[in-house]
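# Next comes the sequence, and after it the predicted model I'd like to discuss.
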Amino acid sequence: MANNFPRLPPSGIKVIVVGAGFAGLAAAIECDRKGHSVTLVEKADNVDELTRIGDIISFDPNGSKAFERWPGVVDQMEAIARQTSWLDLYHHEGKFVTRQSFAHEKAWGRRINGHRGQLHNIIYQHARARGIDIQLGKRVQDYFESDGGPEGPHAGVVVNGERVLADVVIAAEGVRSRGRKIVLGFDENPKSSGYAVYRAWFPSDEVKKNPMLKHLVEDGDTHQGFIGPDIHFLCSSLKNGSEINWVFTHIDDGNIEESWQFPGKPEEALKYLDGWCPLVHELVKSTPPGRLIDHKLVYRDPLPTFISPKARICLIGDSAHPFLPTSIQGASQSIEDGVVLASCLELSGKGNIPRALRAYEKLRYERVHRAQAMGPKTRERWHKADWSKVWKNPEMIHLSREPWLLNFDAERDAYNRYEEVVAATELVKARL
């Protein structure tokens, strides 16, 4: 294990993390910070396969607080992040409506908006530098747990046919996590949200040559949104305007079982944008071949619990609570999950793993579902906007940016409320 990063003394707690996405990496790094011994298993065979996927992802101040505790990470992220503190909103026919400023949020922390794959790689490389045991090409086939027996209390996974034991297992595989079965007691398929998203990211060379589009990239980074019936279209430029991305949500007319994402074609995307302003059409048409993805948005019904019956396996990130993009919180909440779980394990100690997981669930459950509910609300505010009212009060279509959500330190909250939630959960347990 690398010794050049601050960490607490060894706790003796052995942790297996399944999945090296943002949630899994955050949990692994935070567990390492707290002195736990971590093994992270990931089905991808190499780092390029793991981190190459790319379009815009956002971390709000509540998520980026963790990055500031990981030496060097937040500075690397900011170097490639979008340098804007506003969002300009337009009617879908092209008329400017309002500018929403985020400048006041600097007092709460940093906003990191950048290329998903590039930001992912920064965190992955930090985990490697810490000396965390990351095992690629390891597909988890099953989860198991026991509160006694010859091996003592344990949890574990079956990886490539081999049983691997630990004190606790963290399922961070995403919406189709196999860990959900041991938590719920049955298999449950994800559902279509009824929407899908076209996503594109590409160098802005051709955009700079287009008189209608060049203002998006020639004077640094920009951020715009266009709002119309049942569609919102967002675009932004990054890295001093050298790269550009656009996304738009549309009604999904495919079957969720067919494929979650597949290559998109600009001419197909344009069919959804009939009647939209020329700028949007030109931007879609400027997308180079192979740079457009059509991605289905799926959801799960809210889970009754995030932890297994014996409280040695827990779900985090999309495994526990998939978010719609309009919440702008899915990534940040996954980081919070890892922070809180590692802190609860620290405070409980090796002999009280179930107590730690119950405290984690109690600390996270209400907050994460309250944040989750913001996704559909924002989508409906935009897609069903009453423009007779919006023109009179443009701030109606501003994103909801509330202090309870953004001005929040998950680690501090866990330390402050741990004893309180443990007392509450132990009281409930005693009554059962």
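Right, received. Where do you want to start? Numbering: from 1, shown residues only.
# centre of the chain versus stretch 201-217, how much separation?
Stretch 201-217 has its C-alpha centroid displaced from the chain centroid by 29 Å (C-alpha atoms, centre = their mean, to the nearest Å).
# Could I get the buried residue list for that stretch?
201-202, 204, 207-208, 210, 213, 216-217 (16 or more other C-beta atoms under 10 Å). For the C-beta atoms, the positions are set from N, CA and C on the backbone; glycine is no exception.
# go on, stretch 37-53?
So for stretch 37-53, counting by 16+ other C-beta under 10 Å, buried means 37-44, 47, 50-51.
# Taking those residues, tell me the two that lie furthest apart.
For the buried residues of stretch 37-53, the farthest-apart pair by C-beta to C-beta is S37 and T51; their separation is 24.6 Å.
# How many residues are close by the nearest residue to L184 once chain neighbours are set aside?
Excluding the flanking residues, the one nearest L184 by C-beta to C-beta, 6 or more residues apart in numbering is L303, at 7.0 Å. Under the neighbour criterion other C-beta atoms under 10 Å, L303 is assigned a count of 18.
# Now do the same for L303: helix, strand or coil?
coil (DSSP: H, G, I helix; E, B strand; the rest coil).
# just the strands in the stretch 51-200 of the chain please.
Here the stretch 51-200 of the chain has its strands, by DSSP state E, counting those that start in this stretch, at 56-59, 86-91, 96-101, 112-115, 133-136, 140-146, 154-159, 162-166, 168-171, 191-203.
# which of the ones you listed is buried the deepest?
Neighbour counts (mean count of other C-beta atoms under 10 Å) averaged over each of these peak at strand 168-171, with a mean of 30.
# thinking again about what came up before, adding distance to L184, write the strands of the stretch 51-200 of the chain out as TSV.
Below are the strands of the stretch 51-200 of the chain laid out as TSV (distance: least, C-beta to C-beta, whole Å):
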stretch	distance to L184
strand 56-59	28
strand 86-91	38
strand 96-101	39
strand 112-115	33
strand 133-136	26
strand 140-146	12
strand 154-159	16
strand 162-166	21
strand 168-171	12
strand 191-203	15
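# Looking at the buried residues of stretch 201-217, which are in strands?
201-202 (DSSP state E).
# Could you say which helix or strand holds N245?
strand 243-251 (DSSP states H and E).
# just checking, what packs against that strand?
strand 191-203, strand 231-238, helix 278-285 (3 or more C-beta pairs under 8 Å, 6 or more residues apart in numbering; DSSP states H and E).
# swap the cut-off to 7 Å and go again
Contacts defined by 3 or more C-beta pairs under 7 Å, 6 or more residues apart in numbering; DSSP states H and E place strand 243-251 against strand 191-203, strand 231-238.
# Give the bridge partners for V17, please.
As for beta bridges, V17 partners with L40, I170 under DSSP bridges.
# still on that earlier bit, relative to Q333, which of the strands of the stretch 51-200 of the chain is closest?
strand 56-59 (10.2 Å).
# Sheet partners, orientation included, of the closest one?
Paired neighbours of strand 56-59 in the sheet (DSSP bridges): strand 112-115 (antiparallel).
# which outside residues touch the strand it pairs with?
54, 56-59, 64, 77-78, 80-82, 119, 201, 238 (C-beta atoms under 7 Å, 6 or more residues apart in numbering).
# What of stretch 157-175?
13-19, 21, 23-24, 27, 41, 138-143, 151, 154-156, 177, 179, 190, 298, 300, 312-319, 322, 341, 345, 350, 353.
# Buried subset of those as a ChimeraX selection?
To isolate the buried ones among these in ChimeraX, judged by 16+ other C-beta under 10 Å, type:
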select :13,14,15,16,17,18,19,21,23,24,27,41,138,140,143,154,155,156,177,179,190,298,300,312,313,314,315,316,317,318,319,322,341,345,353
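# which element follows the strand holding N245 toward the C-terminus?
Taking DSSP H and E, what comes next after strand 243-251 is strand 261-263.
# helix or strand right after that following strand?
Sequence-wise, the next helix or strand downstream of strand 261-263 (DSSP H and E) is helix 266-271.
# In that following helix, which residues are buried?
Buried residues in helix 266-271 (16+ other C-beta under 10 Å): 266, 269.
# Convert it to CSV, retaining C-alpha atoms only.
The C-alpha coordinates for helix 266-271 follow below in CSV (Å, rounded to 0.1, in the frame of the first residue of the first chain):
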residue,chain,number,x,y,z
PRO,A,266,-27.7,13.2,-36.6
GLU,A,267,-30.4,12.8,-39.2
GLU,A,268,-32.4,10.7,-36.8
ALA,A,269,-31.9,13.2,-34.0
LEU,A,270,-33.1,16.1,-36.2
LYS,A,271,-36.5,14.4,-36.6
